[in-house]
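Asks: Predicted coordinates and the sequence they were generated for:
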Amino acid sequence: DTGVSQNPRHKITKRGQNVTFRCDPISEHNRLYWYRQTLGQGPEFLTYFQNEAQLEKSRLLSDRFSAERPKGSFSTLEIQRTEQGDSAMYLCASSLQAGITEAFFGQGTRLTVV
Amino acid sequence: GQQVMQIPQYQHVQEGEDFTTYCNSSTTLSNIQWYKQRPGGHPVFLIQLVKSGEVKKQKRLTFQFGEAKKNSSLHITATQTTDVGTYFCAGHQGGSEKLVFGKGTKLTVNP
């Protein structure tokens, strides 16, 4: 399967714990995006990478959130000191070329903070 | 900031009826994209419109981009049960890579 892969698919954590999610984009895609989706809402943009450079980050993103893409391939999204409001589906997407083009989404990681 | 609004939020139709969802942006968009998300699934790209007034068709689906590049619509003719899901519009503003999604229209089709 050469699609976007996300791990884990589900994560349950206690409030205050740190969590890390991984995204493996389609191999030749140089653009990678992280989105968050809650029930009944559309995906909300979090951040985007071109290769290893993080070029855009949502102003709504708390300082507890950090993302990396160290070698321009896979990416990780870390949430520190999780809160119940962080419970959501975290979606990763990748796209092939510069400019405006379609995004291929992964299956997502569903985070539940208890 | 840029906002993208979609109506209706929900639509229930009988199989064979038509369906339309509308998308409006508070700002001029560089493009509009449409995605479909099946229950329990992830968004899947359907189409992208770039030009003012552009119309594209995919079998029973017709997509339009408004002249002012602020609104768009998706029309499905003669719905089938396989059309069930949530349809999202999403757009870019200017040179930003930030793709702003609407809240989606959830379509259910009664057989």
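Replies: Received the coordinates, thanks. Residues are numbered from 1 along each chain as shown, chains lettered A, B, ... in the order given.
Asks: okay, CA-based contacts and neighbour counts for the rest of this
Replies: OK.
Asks: from what I can see A:E78 touches A:C23, true?
Replies: No - at 11.5 Å, A:E78 does not count as touching A:C23 under the criterion of CA atoms under 8 Å.
Asks: what about the two, which has more around it?
Replies: A:C23 (26 against 16; other CA atoms under 10 Å in any protein chain shown).
Asks: If the more buried one is in a bridge, with which residues?
Replies: With DSSP bridges applied, the residues forming beta bridges to A:C23 are A:Q6, A:S75.
Asks: Contact partners for it?
Replies: By CA atoms under 8 Å, 6 or more residues apart in numbering or on different chains, the contact set of A:C23 is A:V4, A:S5, A:Q6, A:N7, A:F74, A:S75, A:T76, A:C92, A:G106.
Asks: Model confidence for it, exactly?
Replies: For A:C23, the pLDDT comes out at 98.
Asks: So out of everything in chain B, what residue is nearest chain A?
Replies: B:K103 (4.3 Å; CA to the nearest CA).
Asks: Around chain A, which positions in chain B sit nearby?
Replies: Those residues of chain B that sit near chain A, judged by CA under 8 Å from any CA of the partner chain, are B:31, B:33, B:41-45, B:47-48, B:88, B:92, B:95, B:97-104.
Asks: Selecting buried members of those residues in PyMOL, what would you type?
Replies: Buried members of the residues of chain B next to chain A, defined by 16 or more other CA atoms under 10 Å in any protein chain shown, are picked up in PyMOL with:
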select buried, chain B and resi 31+33+42+43+44+45+47+48+88+92+97+98+99+100+101+102+103+104
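Asks: The residues of chain B next to chain A in strands, which ones?
Replies: B:N31, B:Q33, B:V44, B:F45, B:I47, B:Q48, B:F88, B:H92, B:V100, B:F101 (DSSP state E).
Asks: Dig out what the last one forms beta bridges with.
Replies: Just to be clear, that refers to B:F101. B:A90.
Asks: Could you pull up the contacting residues of it?
Replies: A:G42, A:P43, A:E44, B:V4, B:F88, B:C89, B:A90, B:G91.
Asks: how near is the closest residue to the first one other than its chain neighbours to B:V55?
Replies: The shortest distance from A:G42 to any residue other than its chain neighbours is 4.3 Å, reached at B:K103 (CA to CA, 6 or more residues apart in numbering or on different chains). When distances are taken as CA to CA, to the nearest Å, B:K103 and B:V55 turn out to be 22 Å apart.
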